[in-house]
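> here is a sequence with its predicted model. Questions after.
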Amino acid sequence: VLDAKGAQKYIVCNADEGDSGTFADRLVMESDPYMLIEGMIIAGLAVGATQGYIYLREEYPLAHELLNIAIERARAAGYLGQDILGCGRAFELEVRLGAGAYICGEETSLLESLEGKRGMVRAKPPLPAINGLFGQPT
């Protein structure tokens, strides 16, 4: 689904948790990954995004495994894909491992990393909601 200007929209979850001692999101991802997936699907449908990315800290192998299993189960149940539960709306979700750099926890640096570039902070404006991942609203 493209917006009125023909732009693809993205939803990105920052699950990098680069700050020392921050594990709140890790516990959520490892104990109830469906909560995160559901939230991203709802956000995607609300803003007209068709693609979501979970930018996950590389040091969380259990969360990575559990999120991938949960995403596949959600897809098999019809909650992800080209025609979510027959409603005609699409949303895909993918886990991407972080670059292992503290700076990639900052939103624009994270977007640079997702694009396959070196994680460097972007000047603002424009804000990521206008010109984010791949130059599209994020």
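It's in.
> following the helix or strand of the chain with the lowest mean pLDDT, which helix or strand shows up next?
When the helices and strands of the chain are scored by mean pLDDT, DSSP states H and E, helix 24-31 comes last with a mean of 85. Counting by DSSP states H and E, the next helix or strand C-terminal to helix 24-31 is helix 33-47.
> average pLDDT for that next one?
What helix 33-47 shows for mean pLDDT is 96.
> packing partners for the next helix-or-strand element following it?
Later in the chain than helix 33-47, the nearest helix or strand by DSSP H and E is strand 51-56. Here strand 51-56 touches strand 10-15, helix 33-47, helix 61-76, strand 92-97, helix 107-114, going by 3 or more Cβ pairs under 8 Å, 6 or more residues apart in numbering; DSSP states H and E. All C-beta atoms are positioned from the backbone trio N, CA, C, and that covers glycine.
> flag the shaky bits of this structure, pLDDT-wise.
Counting by pLDDT under 70, the low-confidence segments of the chain come to 1-6, 18-23.
> repeat that with 90
With pLDDT under 90 as the threshold, the chain has low-confidence stretches at 1-7, 14-28, 57-60, 98-110, 112-113, 115-128, 130-132, 134-137.
> can you get me a residue count around Ala70?
Ala70 is flanked by 20 other residues according to other Cβ atoms under 10 Å.
> my error: substitute Lys117 in the last question.
11.
> same check, this time on Ala63
24.
> dump the residue contacts of it.
By Cβ atoms under 8 Å, 6 or more residues apart in numbering, the contact list for Ala63 reads 15, 26, 29-30, 33, 56-57.
> now do the closest residue to it other than its chain neighbours against Glu112, distance only.
Nearest residue to Ala63, sequence neighbours excluded (Cβ to Cβ, 6 or more residues apart in numbering): Met29, at 4.1 Å. Distance of Met29 to Glu112, computed by Cβ to Cβ, to the nearest Å: 23 Å.
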